[in-house]
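Visitor: Below: sequence and its predicted model.
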Amino acid sequence: MPKERIITAIDVGSSKICTIVASVTYRKVSVIGNSSVPSLGIDRGVVNDIDKAVEAISNSLEKAEKMAGHAISRAIITVNGQHIESENSTGVVAVSDPEGEISAQDVLRVNEAAQAISIPSNREIIHVLPRDYVVDSTGNIKNPEGMSGIRLEVEAHIIHGSSTVIKNLVKSVRQVGVEVSDFIYTGLASSISVLTDTEKELGTVLLDIGGRTTSCILYQNGSPLYSFVVPIGGKHLTGDIAVGLRCSLDSAELIKQRHSSGEESKKAPSSLGLEENIKPGDLYIGDIDPDLTSVPKKFLDQIIHDRLEEIYTLVLTEIKKSGFIEKLPAGAIITGGTGETRGVVEVAKKVLNMPVRVGFPKGITGLIDEIEGPAYSACVGSILYKLENSNDESDYSNVLSGVMKSEFLKKIVGALASFFKSLVP
Ligand SMILES: Nc1ncnc2c1ncn2[C@@H]1O[C@H](COP(=O)(O)OP(=O)(O)OP(=O)(O)O)[C@@H](O)[C@H]1O
Ligand SMILES: [Mg+2]
């Protein structure tokens, strides 16, 4: 019998906290639990109210644990926000084997050498992503292990972030009784579940447009090249609609989603005698906000257009700054919850002047009905990243979990988990 291993990912977003619990057998990933709850105490990747953040993370985790029938002890967590920065660096080592065969240890050493960059003491390296290795003078090598040579060089993409932000995330997750096994930058996570190998090879930019952030990552020759975050997202669109229509944020969110869904069939109820008042180009919203009957769709299109244009212009400025604007023939791929917004592709094509598509998360099976939308790309990608980047048994949530075969066992573990959680200050 193959051993079942459990991977858990928590995407700590500004709009929602998403938890996915996946079971891995023979490298096949099957989702056995998931949950998405409204986010609290977190804004643009930064914990701004630890008690509220703990409450929301705990709520999301408990729902996913219940569905999966596992108590989770370790998880990979997304990290996001404007504090994220990246740079590319090189590392060089001499191959240790006198016969010149490159070992896994040499690869580790050279990757470590690439980390020797000068960053302020209040920042932490989150990722060292090897782009290319050079063995003696032969470059463009993706995996040098087992090859012959005397000098090993790596070019790596390094992503770093604020130590304080990261510490507070760890603190919040620990308070729900879960150890952080790894962090993953949201943009990288989404790129793993969304981009095709061809797109990564040709050159592309991924934009995860969430609630309050747009996390970006550029790829070229199959590897990440540049990462950055723009502090605007879908909640700003909602805010603009609320201002434009003078309605509440809750109503504006529902109006935005109805407009985006193209739900043309939603009609004013004939019993109210309003039917004839709803013009062909208008959207009926009387059931969302009784003070409003309808709104011209063109008006909503304009509000959405203006804010998306601002987001894409900021993204374009950042790409131009990187110097890689000419290296993106596969265009832009948009994901994140805002990827569902009407007009999101058209405005991007106009501003970025490149091909654009909306990307949905791929690569996992099981209980995925609720996590198939673009809002779940980062959480799904985190699971896939963990699958690719750990063979270490201790990285998996086996110890506490194990499959709970009976309700009795479930209750005992549940009671113990609550007891231990209550001891955590
Ligand atoms: N059907 C829809 N149509 C339009 N917008 C939508 C739809 N569904 C979700 N959104 C928008 O997506 C945004 C949330 O996206 P997502 O869940 O990716 O954010 P998040 O990951 O919590 O936030 P962030 O990554 O910025 O911290 C919200 O602003 C919401 O209005
Ligand atoms: Mg997000």
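Guide: Now that the structure is in, tell me what you want to look at. Ligands and ions are numbered 1, 2, ... in the order given.

Visitor: Quick check: pLDDT value at the residue found closest to Val351 once you drop the neighbours it is linked to in the chain.
Guide: The shortest distance from Val351 to any residue other than its chain neighbours is 3.8 Å, reached at Tyr312 (CB to CB, 6 or more residues apart in numbering). Bear in mind the C-beta positions are built from the backbone N, C-alpha and C, glycine included. At Tyr312, the model reports a pLDDT of 98.

Visitor: quick one: Tyr312 from Asp301, how far?
Guide: Counting by CB to CB, to the nearest Å, the gap from Tyr312 to Asp301 is 16 Å.

Visitor: With Leu40 instead?
Guide: As judged by CB to CB, Leu40 and Asp301 stand 32 Å apart.

Visitor: so what's whichever residue of the stretch 301-425 of the chain sits closest to ligand 2 up against?
Guide: The stretch 301-425 of the chain approaches ligand 2 most closely through Ala378 (5.1 Å), counting by CB to the ion. Contact partners of Ala378, counting by CB atoms under 8 Å, 6 or more residues apart in numbering, are Asp11, Gly13, Cys18, Thr78, Asn80, Thr186, Ala189, Ser190, Ser193, Asp208, Ser215, Gly336.

Visitor: To what extent is the fourth one buried, counted in neighbours?
Guide: Residues within reach of Thr78, counting by other CB atoms under 10 Å, total 27.

Visitor: and what of Glu155?
Guide: Here the number of neighbours of Glu155 (other CB under 10 Å) works out to 16.

Visitor: That one: what secondary structure?
Guide: strand (DSSP: H, G, I helix; E, B strand; the rest coil).

Visitor: what's the answer for His236, then?
Guide: His236 ends up helix, using three-state DSSP.

Visitor: Which residue, other than its chain neighbours, is closest to it?
Guide: Arg307 (5.6 Å).

Visitor: How much space separates that neighbour from Gly239?
Guide: Using CB to CB, we find Arg307 at a distance of 9 Å from Gly239.

Visitor: and what of Ser86?
Guide: 29 Å.

Visitor: Those two: who's more crowded?
Guide: Using other CB under 10 Å, the more surrounded residue of Ser86 and Gly239 is Ser86, with 23 against 15.

Visitor: can you count the residues close to the nearest residue to the more buried one once chain neighbours are set aside?
Guide: In space, and not counting its chain neighbours, Ser86 is closest to Ser227: 3.9 Å by CB to CB, 6+ apart. A total of 27 residues lie near Ser227 under the criterion other CB under 10 Å.

Visitor: Which of the three states applies to Ser227?
Guide: strand.

Visitor: Please list all residues in contact with it.
Guide: Ile84, Glu85, Ser86, His157, Ile159, Tyr185, Gly187, Leu188, Ser215, Cys216, Ile217, Leu218.

Visitor: What of Lys297?
Guide: The contact partners of Lys297, by CB under 8 Å, 6+ apart, come to His259, Gly281, Asp282, Leu283.

Visitor: bridging residues for Ser148?
Guide: Glu101 (DSSP bridges).

Visitor: Count the residues that sit near it.
Guide: 13.

Visitor: Make sure Gly41 is actually in contact with Lys52.
Guide: Yes: contact criterion CB atoms under 8 Å: Gly41 and Lys52 qualify, at 3.1 Å.
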